[in-house]
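1. model this:
(chains A and B)
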There are 2 protein chains.
Amino acid sequence: MRNGGLAARPAPAPPRPTVTSRVLDIIGAFTPDRPALTITQIARRAGLPLSTAHRLVGELTCWGALERDGTGLYRIGLRLWEVGALARGPVLREAAMPFLEDLYEATHENVHLAVLDGLDVVYIERISARDAVHVFSRVAGRWPAHATGVGLAMLAHADPELQERAIAGPLRGFTPRTITTGPELRRVLAEVRRTGAAVSDGQVETFAMSVGAPVFGPDDTVVAAVAIVVPASGWEARSLVPVVRAAARGISRALGAPRALRRPESARREG
Amino acid sequence: MRNGGLAARPAPAPPRPTVTSRVLDIIGAFTPDRPALTITQIARRAGLPLSTAHRLVGELTCWGALERDGTGLYRIGLRLWEVGALARGPVLREAAMPFLEDLYEATHENVHLAVLDGLDVVYIERISARDAVHVFSRVAGRWPAHATGVGLAMLAHADPELQERAIAGPLRGFTPRTITTGPELRRVLAEVRRTGAAVSDGQVETFAMSVGAPVFGPDDTVVAAVAIVVPASGWEARSLVPVVRAAARGISRALGAPRALRRPESARREG
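-> Residues are numbered from 1 along each chain as shown, chains lettered A, B, ... in the order given. From the prediction side, this is the model:
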C-alpha cells in the first residue's frame, strides 16, 4: 500500500473487461473506413492479446458474425447483417420503401429515411440518382440531428426533454448557415411543428438543401423522418414541402399512426 | 466413474459453452418472426439461466447491440445494424443501387439484389411497387439458390466445387416446376452460362417469374446477382433478359470487374 497506513485501502482496480465486452470490442473494431482487417489489426484495435483475439475471432467466424475472405482479411459477416436487419430502422424501412420510391420519382435527386438515436440521426435508407447532388449521408451513417432536414423534423416532435438537451447544445457548425445557438434551434423547431416540414438549406454543405417531414408510429410518437435533398440552387423548398409531407403521412398511415388517419389540417385549411 | 474400471475414462464432458457462444445465442434468439422479446423469452430461447441472461443482456444493451423499448421488450439495436452494414452484401448494395433503380423503372415490378452464402441466396435489396406481384423474398431473407433466378445466375458462375455440391442435392421442390434433379440443374447452369441470364419461371411460386444475371467483382469472380420478378403470365422472359443483363454488367463495371470492361459478346454477335 502506497502510504503504509492501516486505514488506507488500495485504489479500486479498474473493472476487468468481461468476455462480452471483448467480443463487442472486436465487432466494434470494424468501421466504415476500415471494413476489412487482419487478425493483428483486430487485436490491436480491440486492445486484446493476439492469442485472445485469435480464439474469439474463431468463434465469431464460426457463427457467421465475421467472415474471412480469400486474402485472409476479416469482415463483418452476413449473419450479423441478417440479425441487424431486425433493428427498428430496417423494419421501418420495409413499410417506407414504396413511398420513398414515389418520392424519388418526384425529383430524381436524393431521398432519405432516418431515425433518431439520441441527438444523432442514423440514415436507414438513401435513394440517389447517379447524377444527383452529392450528399454526405451514407446508409447506416450518423449525423448531428440539428443540422439536417430529417433531424430537425424528428427533434421538433421528440420528447420535450430530448429537445431541451439539443437546445442546451453544444451545436456544432458545419457551414455559416448551420443552426448553432439554442434560441435559434428553439425557434426553428417551433416553425417545423407549425409547417409540418423542416428545411435545412445549406446547413450541412452550402450547395445542398434538404426538406424533411416526420413519420409517426402506432402510438403517434415520431419514429423516423423522410427528406428530399436537392441542390440549393434551382429548387424552392416551398415546392417540395407538399410531396415530402405526403410521403411522410403515407408511411405514418402504413404504420397505423392515428394522427395520419385523421383528415389533414392543411386539407381543412386549403379545402 | 460409471463402470468403476481402472482403465475406463469418463465420457468427455460436452464442451462448456463459452461466454462468446452465449452472447451469440442471445443475439441469435431474435428472428424475423420474433424480433422483440422479453428477458425471460431471451433466456429461454438462448438456453440460459435468467440471471446470466440479465447480466449479458445488460452489457449488450449498454453497447447498443440490443435496445429496450418503452414496453420493456428488447430488440436488436441500431448499433448492430450499423456494424452489419459493413458486411459484403450491403457494401455491394451501395454500388448497385442506381442500377437497381433503373431496372425498377423498366418494369415497376420487383427488383432483387442477392449474394450467395453456401447454397443459399441472401437477399440484400428488394425494390417493389406497392401493387407488384407478391414475392416471397425479404431483405436479409434466405432461399435455396437452385430455385431462384438470382441463385441460378450465381451458381452457374460459382466455384466448380460448389456447383457440384448443389448438383449432388438434395434439391428441394417448391412447385411442380422447381428443378429437383442433379442432371436438370447441370443442364440449366450450362444454359445460364451460354445466355448470360437465368430464368426461374414458376419454380418458387407458380405465378411469379424471375430473370436474373450475375454480377462480377474486381477479380472477375461472381459476387452477386440481380433479377426482375414479374407475374408469370403477361411477360416474356426474352424481353427482360437484355435489361437485366445490362444492369448486372453496369454494376460489375462499377465494381471494376475486368470482364465488364470488355466489349460485350452479344454486342459483337448482334452488331
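2. The one helix or strand A:Trp81 maps to: how far from the chain's middle?
-> In this structure, A:Trp81 sits in helix A:78-84 according to DSSP states H and E. What separates the centre of helix A:78-84 from the centre of its chain is 18 Å, taken as Cα atoms, centre = their mean, to the nearest Å.
3. C-alpha coordinates for it, PDB please?
-> Coordinates of each C-alpha in helix A:78-84 appear next as PDB, following Å, rounded to 0.1, in the frame of the first residue of the first chain:
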ATOM      1  CA  LEU A  78     -23.600 -11.700 -43.500                       C
ATOM      2  CA  ARG A  79     -25.200 -13.300 -40.500                       C
ATOM      3  CA  LEU A  80     -24.600 -10.200 -38.400                       C
ATOM      4  CA  TRP A  81     -26.200  -8.200 -41.100                       C
ATOM      5  CA  GLU A  82     -29.200 -10.500 -41.200                       C
ATOM      6  CA  VAL A  83     -29.700 -10.100 -37.500                       C
ATOM      7  CA  GLY A  84     -29.100  -6.300 -37.700                       C
END
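4. Just the buried residues of stretch A:54-69, please?
-> A:Leu56, A:Val57, A:Glu59, A:Leu60, A:Trp63, A:Gly64, A:Ala65, A:Leu66, A:Glu67 (16 or more other Cβ atoms under 10 Å in any protein chain shown). C-beta: built from backbone N, CA, C; applies to glycine.
5. repeat for stretch A:229-243
-> Across stretch A:229-243, burial judged by 16+ other Cβ under 10 Å covers A:Val229, A:Val230, A:Ala232, A:Trp235, A:Ala237, A:Leu240, A:Val241, A:Pro242, A:Val243.
6. Let me see the contact set for the residue of chain A at minimum distance from chain B.
-> Nearest residue of chain A to chain B, counting by Cβ to the nearest Cβ: A:Gly84, 3.0 Å away. Neighbouring residues of A:Gly84 by Cβ atoms under 8 Å, 6 or more residues apart in numbering or on different chains: A:Pro90, B:Ile76, B:Leu80, B:Trp81, B:Glu82, B:Val83, B:Gly84, B:Ala85, B:Ala140.
7. burial measure for the third one, as a count.
-> B:Leu80 has 29 neighbours, counted by other Cβ atoms under 10 Å in any protein chain shown.
8. same question, the fifth one
-> The burial count assigned to B:Glu82 is 22, neighbours taken as other Cβ under 10 Å.
9. ok, now how distant is it from chain A?
-> 5 Å (Cβ to the nearest Cβ, to the nearest Å).
10. Give me the nearest residue to A:Ala254, chain neighbours excluded.
-> Spatially, and ignoring its direct neighbours in sequence, A:Ala254 is nearest to A:Ala95 (4.8 Å; Cβ to Cβ, 6 or more residues apart in numbering or on different chains).
11. For that neighbour, the count of nearby residues, please.
-> 17.
12. shouldn't it be in contact with A:Ile251?
-> Yes: counting by Cβ atoms under 8 Å, A:Ala95 touches A:Ile251, with 6.2 Å between them.
13. A:Gln203: what's it in contact with?
-> A:Ala147, A:Thr148, A:Phe174, A:Thr175, A:Arg177, A:Thr178, A:Ile179.
14. so the second one touches A:Asp201, yeah?
-> I take that to be A:Thr148. No: assessed by Cβ under 8 Å, A:Thr148 is found out of contact with A:Asp201, at 11.3 Å.
15. Now do the shared contacts for those two.
-> A:Ser210.
16. Looking only at neighbour counts, state which of those two leads.
-> Neighbour comparison, A:Thr148 and A:Asp201: the larger count goes to A:Thr148, with 31 against 16 (by other Cβ under 10 Å).
17. Report the secondary structure state of A:Val223.
-> Put simply, A:Val223 is strand when judged by DSSP: H, G, I helix; E, B strand; the rest coil.
18. ok, it touching A:Arg93?
-> No: the criterion here is Cβ under 8 Å, and A:Val223 misses it with A:Arg93 at 11.5 Å.
19. My guess is A:Arg253 contacts A:Ala247. True?
-> No: look at A:Arg253 against A:Ala247 with Cβ under 8 Å: they stay out of range, at 10.7 Å.
20. So the two - more neighbours on which side?
-> A count of neighbours by other Cβ under 10 Å puts A:Ala247 above the other of A:Arg253 and A:Ala247, at 26 against 17.
21. Quick check: which element contains that one?
-> helix A:237-255.
22. so what does that helix touch, helix or strand wise?
-> helix A:88-107, strand A:198-201, strand A:208-216, strand A:222-231, helix A:258-261 (3 or more Cβ pairs under 8 Å, 6 or more residues apart in numbering or on different chains; DSSP states H and E).
23. List of residues touching it?
-> Under Cβ under 8 Å, 6+ apart, the answer for helix A:237-255 is A:92, A:95-96, A:99-100, A:102-103, A:106-107, A:153, A:195-197, A:199, A:201, A:209, A:211-218, A:223-228, A:230, A:259-261, A:264, A:266.
24. I'd like the buried residues of stretch A:54-69 as a markdown table, with pLDDT, distance to chain B and secondary structure appended.
-> Shown next, in a markdown table, are these (pLDDT from 0 to 100; distance: Cβ to the nearest Cβ, whole Å; DSSP: H, G, I helix; E, B strand; the rest coil):
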| residue | pLDDT | distance to chain B | secondary structure |
| --- | --- | --- | --- |
| A:Leu56 | 95 | 6 | helix |
| A:Val57 | 96 | 10 | helix |
| A:Glu59 | 94 | 4 | helix |
| A:Leu60 | 96 | 7 | helix |
| A:Trp63 | 92 | 5 | helix |
| A:Gly64 | 92 | 8 | coil |
| A:Ala65 | 95 | 7 | coil |
| A:Leu66 | 96 | 9 | strand |
| A:Glu67 | 94 | 7 | strand |
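25. where does the stretch 1-150 of chain A dip in pLDDT?
-> Counting by pLDDT under 70, the stretch 1-150 of chain A has low-confidence residues at A:1-15, A:130-137.
26. please redo it, this time with the cut-off set to 90
-> Flagging of the stretch 1-150 of chain A using pLDDT under 90 yields the residue ranges A:1-20, A:32-33, A:69-71, A:85, A:88-95, A:97-98, A:101-102, A:104-110, A:125-142.
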